[in-house]
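*Asks:* I would like the atomic coordinates for the input below:
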Amino acid sequence: MKPESGNAASSGSGRVTRSTHQLVEMGLMVSLASVLSQIALVHWPQGGSVTLGASIPIWAVARRYGTSSGVLAGVSLGIVNLLFGGAVIHPLQGALDYPMAFGALGLAGWPISASLGIALSAAVRFACHCIAGLMFFASYAPAGFDPTMYVLLYNGSLVLPDTLIAMWGFHKMSVRIPGLIEAADGVDPRRRTRSSGEDLS
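*Replies:* A predicted model of the protein is given here:
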């Protein structure tokens, strides 16, 4: 796998270092994502909501600076969401539903196409929520309803629309602001055009 792109550099020991500019940008993106997380288009009664594209800033960090930076930003977002309104009944459930699930958004920085990277990040996020659901919330399934199917449908009804809304917004941003999103394959965003940019079309 390719080393981190953008402003992240690898030291002689193999450890990824990050510039002040990158850290500030990551902080701003996490802040933006946390604000978008609070804008719930739909809120499910037992927890979870469809947001106004809260994944977009984390995906942008991941595509600009690589997977580890994206995961770091995602974990930070998960911790912020946990501290401000998170629903936790067990430490493992809290870890799965927040730092791990949102950290998975950083997998969008994997050095593959943006579409596949984002699909991968959404799939792993969905898996984290489902594991937490099966372990701690399956008992909430209505009488006569298969608990596994209940957990899959419940989390799918949140993650799928949330992901589709964010993908639409991410695509619009990548087309209108080509330099904003640098692909994880190291292509300089300044060399992109509206027609050849790494987008979701």
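*Asks:* And the longest helix seen in the chain, what does it pack against?
*Replies:* Criterion DSSP state H: the longest helix present in the chain is helix 147-176. Contact here means 3 or more CB pairs under 8 Å, 6 or more residues apart in numbering; DSSP states H and E; on that basis helix 147-176 packs against strand 49-51, helix 55-65, helix 114-136. Every residue, glycine included, has its C-beta placed from N, CA and C.
*Asks:* Just give me how far the longest one sits from the chain centre.
*Replies:* If I follow you right, that is helix 114-136. Centre-to-centre, helix 114-136 and its host chain are 10 Å apart (CA atoms, centre = their mean, to the nearest Å).
*Asks:* what about it, average pLDDT?
*Replies:* Averaged across helix 114-136, the pLDDT comes to 96.
*Asks:* cool, stretch 50-64 as well?
*Replies:* Mean pLDDT, stretch 50-64: 95.
*Asks:* And Leu52, how far from Leu82?
*Replies:* 20 Å (CB to CB, to the nearest Å).
*Asks:* Then Gln22?
*Replies:* Per CB to CB, Gln22 is found 24 Å from Leu82.
*Asks:* try Ala54
*Replies:* Note on Ala54: its distance to Leu82, by CB to CB, is 14 Å.
*Asks:* Those two - which one has more neighbours?
*Replies:* Using other CB atoms under 10 Å, the more surrounded residue of Ala54 and Leu82 is Ala54, with 26 against 17.
*Asks:* tell me the contacts of that one?
*Replies:* Counting by CB atoms under 8 Å, 6 or more residues apart in numbering, Ala54 touches 33-34, 36-37, 39, 77, 162, 166.
*Asks:* Are any of the residues you listed buried, and if so which?
*Replies:* 33-34, 36-37, 77, 162, 166 (16 or more other CB atoms under 10 Å).
*Asks:* Kindly reformat those as CSV and extend each row with pLDDT.
*Replies:* Below are the buried ones among the contacts of Ala54 laid out as CSV (pLDDT from 0 to 100):
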residue, pLDDT
Ala33, 97
Ser34, 96
Leu36, 95
Ser37, 93
Leu77, 97
Asp162, 96
Ala166, 96
